[in-house]
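Trainee: What shape does this take:
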Amino acid sequence: MVNPPWDQRIARVLVKPLVKSPVTPNQLTIATLVVALVGAGLLAEGSATYANWGAGVFVLARFMDHFDGELARQKGMTSRLGYYLDYLSGALSYGALFICIGIGLRESALGPWAITLGLVGTASAILSMVVNLDIDKYLKADAGKDAVGYPGFAGFELEDGIYLLALITWVGFLMPFFVLAAIGSAVYCLWTCWSLFRLKRG
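Mentor: Residues are numbered from 1 along each chain as shown. This next block holds a predicted model:
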């Protein structure tokens, strides 16, 4: 990537001390997933205090998501297993986030809709992973193009919006964010399905 986003550039610097260590990229992927699941689990508790901590921990995990790829490149340890593991970790992280926020908001004004929206977000995250893997196959087969990316501007990508989760939760706007995010995840899932359909037709 010629101009990587800022979080990836920062991760590139932070993993340098690990290059000569026995730590592997796949170990970092698993550690990132564990941190994400802890953050999501805290959000399921339902109280504002746990939600604040959960949001912060989850945001940390999403930043850590860049560590494994950067370490793999610097160590020359890229692998097929790591490729799939990274996709799976991301999908499970977001899937857990949606369902856990839904559980945490079940006593809110959303009522049972909180669980429904959580399931929609979780299903969208898992399906998007499967579809994006399929899209990657087509892109790489087409003159070795890069894997699926996100729209970006000035060193930031669309997915970097997740970093706002902590601030949004801390100021008390978790519920509207959750509703919009669940709808957005479904729209994104439909968009990836449409992209795959167009690639297959082409």
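Trainee: Only C-alpha atoms from now on, for both contacts and neighbour counts.
Mentor: Noted.
Trainee: residue contacts, Thr116?
Mentor: With Cα atoms under 8 Å, 6 or more residues apart in numbering as the criterion, the residues that contact Thr116 are Gly102.
Trainee: Pull the distance from the host helix or strand of it to the chain's centre.
Mentor: Remark: Thr116 resides in helix 113-141, with elements defined by DSSP states H and E. From the chain centre to the centre of helix 113-141 is a distance of 11 Å (Cα atoms, centre = their mean, to the nearest Å).
Trainee: May I see the buried residues of that helix?
Mentor: Going by neighbour count (16 or more other Cα atoms under 10 Å), the buried part of helix 113-141 is 114-136, 138.
Trainee: Now it: average pLDDT?
Mentor: Averaging pLDDT along helix 113-141 yields 91.
Trainee: Make 54 the first number, not 1, from now on.
Mentor: That works, and once the first residue is 54, the last one we named lands at helix 166-194.
Trainee: Count residues in the vicinity of Ile236, would you?
Mentor: Here the number of neighbours of Ile236 (other Cα atoms under 10 Å) works out to 16.
Trainee: Next one: it, what pLDDT does it get?
Mentor: Looking at Ile236, its pLDDT stands at 96.
Trainee: show me what contacts it?
Mentor: Leu170, Gly174.
Trainee: swap in Gly109?
Mentor: Contact analysis of Gly109 by Cα under 8 Å, 6+ apart lists Gly92, Leu218, Ala219.
Trainee: let's see it at 6 Å
Mentor: Ala219 (Cα atoms under 6 Å, 6 or more residues apart in numbering).
Trainee: before we move on, what about Glu98?
Mentor: Glu98 is in contact with Gly157, counting by Cα under 6 Å, 6+ apart.
Trainee: you'd agree it is in a strand?
Mentor: No. Counting by DSSP: H, G, I helix; E, B strand; the rest coil, Glu98 is not found in a strand; it is coil.
Trainee: May I have the phi/psi pair for it?
Mentor: Note on Glu98: its backbone torsions stand at phi -70, psi -30 [degrees, to the nearest 10].
Trainee: Check the gap between it and Ser146 for me.
Mentor: In this view, Glu98 and Ser146 are 17 Å apart by Cα to Cα, to the nearest Å.
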